[in-house]
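J.: one predicted model, sequence on top.
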Amino acid sequence: MQKLLPLWWLITVALTYGSAAAWLTMLGDSVRRKNWVATTALLAAVILIAVFGARLALEWPWKLAAIMLCVAAVAAAYWFVLPGRDPDWKARRRVRQEGKLSVAHLVLFTGAAAFTLPFLWMIMTSLKPEAQLFSHPASLPHPFLWSNYPKALVFLEKALPAGSRYGLIFVLNTLYVSGLSLVGVLFSSSLAAYAFSRLRWPGRDAMFVLLLSTMMLPAAVTMIPVFMIYRQLGWVDTLRPLWVPGFFAIPFYVFLLRQFFLTIPRELEDAAKIDGCGYWRIYWGIMLPQIRPALAAVAIMHFLGSWNDFMGPLIYISSPEKMTGSYALQLFQSAHGGEWALLMAAATLWTIPILLLFFFAQRYFIQGVTLTGIKG
């Protein structure tokens, strides 16, 4: 029986997906028909299967497979028999289309759950006692130790001799670096992309190829020369090396924004020139508003990279009061390497602002990544 266990798991997963898709279709159809008795029965069945299905899957997967087989048979009978006898062909087609959408949404939900698991594990670990971290790594905390978060903040307060205001200094340093770098990247990259896409000047294509070729250079190749330049400027142990490079454009962002500029019709630019607008006016007042999704995507990607940057502060910063958040987390890990709950609590606190940023700006991020420009 143990040899057949992987096969049973595959059968169980397939039947579970098929049953879930069918039951979702049935639920949507019953709600549309305002059949509240069937809707209540379907919801109750889904709750019972969700409650007892996980336990059966861990203890007796073959029993769960048998239950799911019965559920799939009942759902298939409803799906293929009752809608098939519906005299309205539009209703039959709508039910079948909803079935396909249910399968697609289940697959997407599985992918989203897989990507969410590390973050959930980090939160659960941050709330566990030390004795449960390795004995029950996948279980819920018992009890929930919310005191791990105040302990992490107290350590951050003691990280500096004069105090860090419970880590607020590290956050302000990171916001300072990320904000200035973000402003520089958006301005310089969009200006360079506008020049490469809308203006005509000798050697433009050759310069663009040269710009793209710099993307093939690994950061480790230029690390030492750049450090020597900053040392000659006297910028070592300051925050300038972390945000000044943003004002000199980044090749990938120039390429991304250039592709957006190319999708804008020439008629807009010609009409602006007829009205007496110069190149700067066209760039600032006409072109930039047209590529707001791309600018939002660049802003989010660069802010994430700057917020989580560890190598830059490690190379250029030596004073504790100038540390950024990622560097402070490394200091936390070196002092509490064996206290994983406190480390996960500090990492959770540091991740929350990024999650909020992505939650409120995800629409612009998705639009920018998919390169959806305006229609001609």
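T.: Sure thing, it's come through.
J.: what's the burial count for residue 221?
T.: The tally of other residues near residue 221 (other Cβ atoms under 10 Å) stands at 10. Quick note: C-beta positions are derived from backbone N, CA and C, even for glycine.
J.: low-scoring stretches of the stretch 201-350 of the chain, by residue?
T.: 336-338 (pLDDT under 70).
J.: can you list the domains in this protein?
T.: 5-116, 149-369 (automatic domain parsing).
J.: to residue 131, which of these lies closest?
T.: For residue 131, the closest of the domains of the chain is domain 149-369, at 10.3 Å, according to Cβ to Cβ.
J.: just give me how far that closest one sits from the chain centre.
T.: Centroid separation for domain 149-369 versus its chain: 16 Å, with Cα atoms, centre = their mean, to the nearest Å.
J.: would JSON lines of the domains of the chain with distance to residue 137 be doable?
T.: Formatted as JSON lines, these follow (distance: least, Cβ to Cβ, whole Å):
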{"stretch": "domain 5-116", "distance to residue 137": "15"}
{"stretch": "domain 149-369", "distance to residue 137": "10"}
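J.: and residue 125, which of these is closest to it?
T.: domain 149-369 (4.3 Å).
J.: give me the low-pLDDT residue ranges for the stretch 1-150 of the chain?
T.: In the stretch 1-150 of the chain, residues with pLDDT under 70: 1-5, 8-9, 12, 38, 42, 45-46, 48-89, 91-92.
J.: burial measure for residue 11, as a count.
T.: 18.
J.: which element, helix or strand, includes it?
T.: Here residue 11 sits within helix 5-32, counting by DSSP states H and E.
J.: buried set for that helix?
T.: 8, 11-12, 15-30 (16 or more other Cβ atoms under 10 Å).
J.: angle of the longest helix out of those in the chain against helix 5-32?
T.: For the chain, the helix with the greatest residue count under DSSP state H is helix 89-126. Counting by axes from the mean of the first three to the mean of the last three Cα atoms, to 10 degrees, helix 89-126 lies at 120 degrees to helix 5-32.
J.: what is helix 89-126 packed up against?
T.: Using 3 or more Cβ pairs under 8 Å, 6 or more residues apart in numbering; DSSP states H and E, the elements in contact with helix 89-126 are helix 5-32, helix 340-369.
J.: redo those as a markdown table? Include distance to residue 100.
T.: Formatted as a markdown table, those follow (distance: least, Cβ to Cβ, whole Å):
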| stretch | distance to residue 100 |
| --- | --- |
| helix 5-32 | 9 |
| helix 340-369 | 22 |
